[in-house]
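Peer 1: Got a sequence here, can you model it:
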Amino acid sequence: MTPLRSTAAAAAVALGLLGISGCTDSGDDADAGPASATLTAPVTPPAPSLAGEEEAGALSRLPEGTATGTAVIAYSGLGELRAPFSGTCSHAGDATVVEGSADTARIRLEAEPEGVQLTLDDVDLSTSSDLATGRYDVSGAHLTLDAPLAHDAQTVGSVQLEVDCG
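Peer 2: Predicted coordinates:
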């Protein structure tokens, strides 16, 4: 065997032995557990920022009259309603109300300077949620709304409305 080959062979044997010894169990720390066991508290997401005066002001520009469009309302753990919407847009004092039906559900969106609420009544479900800040765009008679739904300082779903009023 040439000196280069014997050196290469010796290196290969040494690496093989290191690999084998790295895979064997010493038996000393079998019950030691993980090297680093750190307990952490569950992370609570921040409370959503609720809609208020600015969002109510945007919705106040909607004209009164018939409302038609689409509604998508999703609640975590419950499901999603996605259906054509028909109803009315109206104003009462500082409040703007968009209410009507989508499939079998009755929907009422009420926006006041103190906040925006959505009430949904459907088969086996009746719930009311605050709306968080999001997209509240009014262009002429058209409303584009996309916002999280909140209850007890937690996000519980979302609402998307594309509605024409007047």
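Peer 1: isn't residue 98 right up against residue 89?
Peer 2: Yes: under the criterion of Cβ atoms under 8 Å, residue 98 is in contact with residue 89, at a separation of 5.2 Å. For glycine as for every other residue, the C-beta is placed from the backbone atoms N, C-alpha and C.
Peer 1: just the helices in this protein please.
Peer 2: 3-23, 53-59 (DSSP state H).
Peer 1: what about the longest one, average pLDDT?
Peer 2: In other words, helix 3-23. For helix 3-23, mean pLDDT is 40.
Peer 1: Please go through this structure and pick out the longest strand.
Peer 2: The strand spanning the most residues in the chain, taking DSSP state E as the definition, is strand 79-92.
Peer 1: Give me the sheet partners of that one and which way each runs.
Peer 2: Neighbouring strands of strand 79-92 in its sheet, by DSSP bridges, are strand 65-75 (antiparallel), strand 95-102 (antiparallel).
Peer 1: what sits against residue 67?
Peer 2: Contacts for residue 67 (Cβ atoms under 8 Å, 6 or more residues apart in numbering) come out as 85-89, 98, 100, 163-165.
Peer 1: ok, of those residues, which one's closest to residue 60?
Peer 2: Distance to residue 60, by Cβ to Cβ, is smallest for residue 89 among the contacts of residue 67, at 10.7 Å.
Peer 1: you'd agree residue 131 is up against residue 160?
Peer 2: No: Residue 131 lies out of contact with residue 160 (Cβ under 8 Å); the separation is 11.3 Å.
Peer 1: Pick out whichever of these two has more residues nearby.
Peer 2: Using other Cβ atoms under 10 Å, the more surrounded residue of residue 131 and residue 160 is residue 131, with 25 against 16.
Peer 1: Grab the nearest non-local neighbour of the more buried one.
Peer 2: In this structure, residue 131 finds its nearest non-sequential neighbour in residue 116, 4.1 Å apart by Cβ to Cβ, 6 or more residues apart in numbering.
Peer 1: who's in contact with that neighbour?
Peer 2: Listed by Cβ under 8 Å, 6+ apart, the contact set of residue 116 reads 50-52, 55-56, 59, 109-110, 130-131, 147.
Peer 1: Okay then, goodbye and thanks.
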